[in-house]
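>>> give me a model of this one.
(2 chains)
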Amino acid sequence: AQSVTQPDIHITVSEGASLELRCNYSYGATPYLFWYVQSPGQGLQLLLKYFSGDTLVQGIKGFEAEFKRSQSSFNLRKPSVHWSDAAEYFCAVGTGGGNKLTFGTGTQLKVEL
Amino acid sequence: DAGVIQSPRHEVTEMGQEVTLRCKPISGHNSLFWYRQTMMRGLELLIYFNNNVPIDDSGMPEDRFSAKMPNASFSTLKIQPSEPRDSAVYFCASRPGENTEAFFGQGTRLTVV
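Residues are numbered from 1 along each chain as shown, chains lettered A, B, ... in the order given. Have a look, this model is predicted:
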(Lines give C-alpha, C1' and ligand atoms only; values in the text may rest on other atoms or scores of the structure.)
Protein backbone atom coordinates (compact mmCIF):
# COMPACT_ATOMS: atom_id res chain seq x y z
CA ALA A 1 0.00 0.00 0.00
CA GLN A 2 1.11 3.52 -0.68
CA SER A 3 2.21 5.78 2.16
CA VAL A 4 3.58 9.25 2.69
CA THR A 5 6.00 10.26 5.42
CA GLN A 6 6.66 13.78 6.58
CA PRO A 7 9.38 13.34 9.20
CA ASP A 8 9.22 16.85 10.62
CA ILE A 9 6.15 17.58 12.73
CA HIS A 10 7.18 21.14 13.56
CA ILE A 11 9.68 23.49 11.92
CA THR A 12 10.58 27.02 12.96
CA VAL A 13 12.44 29.38 10.66
CA SER A 14 13.22 33.07 10.73
CA GLU A 15 11.56 35.34 8.23
CA GLY A 16 13.78 35.68 5.19
CA ALA A 17 15.50 32.34 5.76
CA SER A 18 15.26 29.47 3.33
CA LEU A 19 12.92 26.56 3.91
CA GLU A 20 12.88 22.89 3.03
CA LEU A 21 10.09 20.55 4.09
CA ARG A 22 10.69 16.86 3.62
CA CYS A 23 8.37 14.31 2.09
CA ASN A 24 9.04 10.65 1.34
CA TYR A 25 6.62 8.27 -0.29
CA SER A 26 6.32 4.54 -0.66
CA TYR A 27 4.88 3.25 -3.91
CA GLY A 28 5.98 0.79 -6.55
CA ALA A 29 5.47 2.97 -9.58
CA THR A 30 5.77 6.67 -10.32
CA PRO A 31 3.18 8.43 -8.19
CA TYR A 32 1.37 11.67 -8.67
CA LEU A 33 2.66 14.04 -5.98
CA PHE A 34 1.16 17.13 -4.40
CA TRP A 35 1.88 19.72 -1.76
CA TYR A 36 -1.00 21.45 -0.01
CA VAL A 37 -1.07 24.22 2.58
CA GLN A 38 -3.65 24.68 5.33
CA SER A 39 -4.11 27.91 7.24
CA PRO A 40 -5.92 27.75 10.60
CA GLY A 41 -9.62 27.07 10.24
CA GLN A 42 -9.35 26.68 6.49
CA GLY A 43 -9.42 23.91 3.96
CA LEU A 44 -6.39 22.71 2.05
CA GLN A 45 -5.05 24.73 -0.87
CA LEU A 46 -2.87 23.24 -3.59
CA LEU A 47 0.67 24.67 -3.74
CA LEU A 48 2.06 22.54 -6.57
CA LYS A 49 1.89 19.13 -8.21
CA TYR A 50 4.10 16.69 -10.07
CA PHE A 51 2.71 14.29 -12.65
CA SER A 52 5.57 13.74 -15.09
CA GLY A 53 8.31 15.54 -16.99
CA ASP A 54 10.58 18.09 -15.36
CA THR A 55 11.34 16.93 -11.85
CA LEU A 56 11.56 20.48 -10.51
CA VAL A 57 8.11 21.99 -10.31
CA GLN A 58 7.13 25.53 -9.51
CA GLY A 59 4.07 26.41 -7.49
CA ILE A 60 2.24 29.36 -6.08
CA LYS A 61 3.58 31.76 -3.45
CA GLY A 62 7.18 31.20 -4.56
CA PHE A 63 7.32 27.52 -3.59
CA GLU A 64 9.02 24.80 -5.58
CA ALA A 65 9.51 21.07 -5.12
CA GLU A 66 11.84 18.50 -6.60
CA PHE A 67 10.93 14.91 -7.36
CA LYS A 68 13.82 12.51 -6.75
CA ARG A 69 12.93 9.00 -7.79
CA SER A 70 16.10 7.46 -6.36
CA GLN A 71 15.27 8.83 -2.92
CA SER A 72 11.47 8.48 -3.16
CA SER A 73 11.28 12.09 -2.11
CA PHE A 74 9.37 15.21 -3.05
CA ASN A 75 10.74 17.98 -0.84
CA LEU A 76 9.21 21.45 -0.77
CA ARG A 77 11.45 24.50 -0.82
CA LYS A 78 11.24 28.26 -0.66
CA PRO A 79 14.30 30.54 -0.87
CA SER A 80 12.98 33.23 1.48
CA VAL A 81 10.13 32.64 3.91
CA HIS A 82 7.54 35.31 4.71
CA TRP A 83 5.63 35.56 7.98
CA SER A 84 2.44 34.79 6.06
CA ASP A 85 3.82 31.35 5.17
CA ALA A 86 3.17 30.14 8.71
CA ALA A 87 0.71 27.27 8.25
CA GLU A 88 0.53 23.51 8.07
CA TYR A 89 1.90 21.82 4.98
CA PHE A 90 0.79 18.45 3.65
CA CYS A 91 2.42 16.20 1.11
CA ALA A 92 0.09 13.84 -0.76
CA VAL A 93 0.40 11.00 -3.24
CA GLY A 94 -2.11 9.77 -5.78
CA THR A 95 -1.67 6.14 -6.71
CA GLY A 96 -3.29 3.00 -7.94
CA GLY A 97 -6.45 2.20 -9.79
CA GLY A 98 -8.94 4.95 -9.14
CA ASN A 99 -6.04 7.10 -7.98
CA LYS A 100 -6.50 7.10 -4.24
CA LEU A 101 -5.19 10.31 -2.68
CA THR A 102 -3.23 9.74 0.53
CA PHE A 103 -1.84 12.50 2.74
CA GLY A 104 1.12 12.69 5.07
CA THR A 105 0.73 13.75 8.68
CA GLY A 106 1.69 17.33 7.95
CA THR A 107 4.44 19.74 9.01
CA GLN A 108 3.55 22.77 11.09
CA LEU A 109 5.64 25.76 10.02
CA LYS A 110 6.27 28.62 12.42
CA VAL A 111 7.95 31.80 11.19
CA GLU A 112 9.83 33.97 13.62
CA LEU A 113 9.97 37.69 12.90
CA ASP B 1 -17.26 28.70 -9.37
CA ALA B 2 -18.11 28.62 -5.68
CA GLY B 3 -15.78 25.73 -4.98
CA VAL B 4 -16.62 22.71 -2.87
CA ILE B 5 -19.42 23.59 -0.49
CA GLN B 6 -19.83 21.84 2.84
CA SER B 7 -22.62 22.23 5.34
CA PRO B 8 -22.93 22.83 8.13
CA ARG B 9 -19.64 24.56 9.00
CA HIS B 10 -20.04 23.71 12.65
CA GLU B 11 -22.11 21.03 14.31
CA VAL B 12 -22.50 20.32 18.01
CA THR B 13 -24.52 17.27 18.92
CA GLU B 14 -25.09 14.97 21.83
CA MET B 15 -23.70 11.49 21.99
CA GLY B 16 -26.07 8.99 20.43
CA GLN B 17 -27.60 11.41 17.96
CA GLU B 18 -27.46 11.04 14.22
CA VAL B 19 -25.28 13.50 12.36
CA THR B 20 -25.38 14.20 8.62
CA LEU B 21 -22.67 16.16 6.87
CA ARG B 22 -23.27 17.44 3.37
CA CYS B 23 -21.06 18.21 0.42
CA LYS B 24 -21.62 19.78 -2.97
CA PRO B 25 -18.64 19.15 -5.25
CA ILE B 26 -17.48 21.45 -8.00
CA SER B 27 -19.63 21.07 -11.08
CA GLY B 28 -18.07 18.72 -13.62
CA HIS B 29 -15.85 16.95 -11.11
CA ASN B 30 -16.27 13.21 -11.10
CA SER B 31 -14.32 12.18 -8.00
CA LEU B 32 -15.25 13.01 -4.43
CA PHE B 33 -13.39 12.34 -1.19
CA TRP B 34 -14.32 12.47 2.48
CA TYR B 35 -11.49 13.06 4.95
CA ARG B 36 -11.39 13.36 8.72
CA GLN B 37 -8.79 15.51 10.45
CA THR B 38 -7.81 15.20 14.11
CA MET B 39 -4.75 16.22 16.08
CA MET B 40 -3.96 12.62 16.92
CA ARG B 41 -4.45 10.97 13.53
CA GLY B 42 -3.95 13.80 11.06
CA LEU B 43 -5.84 13.71 7.75
CA GLU B 44 -7.48 10.34 7.19
CA LEU B 45 -9.21 9.29 3.99
CA LEU B 46 -12.58 7.82 4.90
CA ILE B 47 -14.07 7.05 1.49
CA TYR B 48 -13.91 8.18 -2.08
CA PHE B 49 -16.21 8.00 -5.07
CA ASN B 50 -15.59 7.99 -8.80
CA ASN B 51 -18.63 8.81 -10.95
CA ASN B 52 -20.86 8.50 -7.88
CA VAL B 53 -19.66 4.96 -7.16
CA PRO B 54 -17.78 4.21 -3.92
CA ILE B 55 -14.32 2.97 -4.85
CA ASP B 56 -12.63 2.54 -1.50
CA ASP B 57 -14.33 2.75 1.87
CA SER B 58 -11.61 1.00 3.83
CA GLY B 59 -11.02 4.15 5.85
CA MET B 60 -14.53 4.27 7.26
CA PRO B 61 -13.90 3.62 10.95
CA GLU B 62 -16.92 1.41 11.66
CA ASP B 63 -20.49 0.63 10.73
CA ARG B 64 -21.71 3.77 12.43
CA PHE B 65 -20.32 5.69 9.47
CA SER B 66 -21.97 5.65 6.06
CA ALA B 67 -21.59 7.77 2.94
CA LYS B 68 -23.72 8.20 -0.13
CA MET B 69 -23.47 10.00 -3.41
CA PRO B 70 -26.93 9.84 -5.02
CA ASN B 71 -25.89 12.10 -7.89
CA ALA B 72 -22.92 14.01 -9.23
CA SER B 73 -23.72 17.16 -7.28
CA PHE B 74 -24.33 15.90 -3.77
CA SER B 75 -22.84 13.62 -1.15
CA THR B 76 -23.56 12.92 2.50
CA LEU B 77 -21.57 11.44 5.34
CA LYS B 78 -23.72 10.10 8.16
CA ILE B 79 -22.75 9.05 11.64
CA GLN B 80 -25.33 7.08 13.61
CA PRO B 81 -25.06 6.96 16.56
CA SER B 82 -22.42 9.61 17.14
CA GLU B 83 -19.78 9.29 19.86
CA PRO B 84 -17.43 11.86 21.46
CA ARG B 85 -14.45 10.27 19.68
CA ASP B 86 -16.04 11.25 16.36
CA SER B 87 -15.28 14.89 17.15
CA ALA B 88 -13.08 16.16 14.33
CA VAL B 89 -13.04 18.34 11.25
CA TYR B 90 -14.51 16.56 8.26
CA PHE B 91 -13.40 17.66 4.82
CA CYS B 92 -14.95 16.97 1.47
CA ALA B 93 -12.84 17.32 -1.68
CA SER B 94 -13.55 16.87 -5.38
CA ARG B 95 -11.44 16.61 -8.51
CA PRO B 96 -12.11 16.68 -12.25
CA GLY B 97 -10.76 13.19 -12.90
CA GLU B 98 -8.12 10.69 -11.96
CA ASN B 99 -4.59 11.98 -11.67
CA THR B 100 -5.64 15.56 -11.06
CA GLU B 101 -5.48 17.64 -7.95
CA ALA B 102 -8.29 17.66 -5.41
CA PHE B 103 -10.10 20.83 -4.34
CA PHE B 104 -11.13 21.03 -0.72
CA GLY B 105 -14.13 22.49 1.01
CA GLN B 106 -13.83 24.57 4.17
CA GLY B 107 -14.68 21.60 6.36
CA THR B 108 -17.29 20.81 8.99
CA ARG B 109 -16.16 20.99 12.60
CA LEU B 110 -18.08 18.32 14.48
CA THR B 111 -18.24 18.26 18.25
CA VAL B 112 -20.01 15.38 19.97
CA VAL B 113 -20.65 15.99 23.66
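
>>> for the record, mean pLDDT for stretch B:47-67?
Stretch B:47-67 shows a mean pLDDT of 93.

>>> same check on stretch A:1-10?
Across stretch A:1-10, pLDDT averages out at 90.

>>> now that stretch: buried residues?
Going by neighbour count (16 or more other CB atoms under 10 Å in any protein chain shown), the buried part of stretch A:1-10 is A:2, A:4, A:6. For the C-beta atoms, the positions are set from N, CA and C on the backbone; glycine is no exception.

>>> quick one: is the longest strand that chain A contains near chain B?
The longest strand of chain A (DSSP state E) is strand A:87-95. Yes. Applying CB under 8 Å from any CB of the partner chain, one finds strand A:87-95 touching chain B at A:90, A:94.

>>> direction included, what does that strand pair against?
Using DSSP bridges, the strands paired with strand A:87-95 are strand A:32-38 (antiparallel), strand A:100-103 (antiparallel), strand A:107-112 (antiparallel).

>>> for the last one, buried residues please.
By that I understand strand A:107-112. Quick answer for strand A:107-112 (16+ other CB under 10 Å): A:107, A:109, A:111.

>>> measure the first one to residue A:53 for me?
Distance, residue A:107 to residue A:53, by CB to CB, to the nearest Å: 26 Å.

>>> contacts for the lowest-mean-pLDDT helix or strand in chain A, please.
For chain A, counting by mean pLDDT, DSSP states H and E, strand A:100-103 ranks last in confidence among helices and strands (a mean of 85). With contact meaning CB atoms under 8 Å, 6 or more residues apart in numbering or on different chains, strand A:100-103 is reached by A:2-4, A:34, A:36, A:90-95, B:33, B:35, B:42-43, B:45, B:48, B:55-56, B:93, B:95, B:102.

>>> what residues are up against residue 36?
Reading this off chain A. Counting by CB under 8 Å, 6+ apart, residue A:36 has contacts A:44-47, A:89-92, A:103, B:104.

>>> actually chain B
Here residue B:36 is in contact with B:43-44, B:46, B:88-91 (CB under 8 Å, 6+ apart).

>>> going by neighbour count, which of the residues you listed comes out on top?
residue B:91 (26 neighbours; other CB atoms under 10 Å in any protein chain shown).

>>> still on that earlier bit, of the contacts of residue B:36, list those near chain A.
B:43, B:91.

>>> adding secondary structure, write the contacts of residue B:36 out as TSV.
Formatted as TSV, those follow (DSSP: H, G, I helix; E, B strand; the rest coil):
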residue	secondary structure
B:43	strand
B:44	strand
B:46	strand
B:88	strand
B:89	strand
B:90	strand
B:91	strand
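
>>> let me know the closest of the contacts of residue B:36 to residue B:68.
residue B:46 (12.7 Å; CB to CB).

>>> hang on, the closest one packs against residue B:75?
No. Judged on CB atoms under 8 Å, residue B:46 makes no contact with residue B:75 at a distance of 11.3 Å.

>>> how far does stretch A:102-113 sit from its chain's centre?
9 Å (CA atoms, centre = their mean, to the nearest Å).

>>> what does stretch B:12-29 give?
6 Å.

>>> avg pLDDT for it?
Averaged over stretch B:12-29, pLDDT sits at 97.

>>> helix, strand or coil for residue B:85?
helix.
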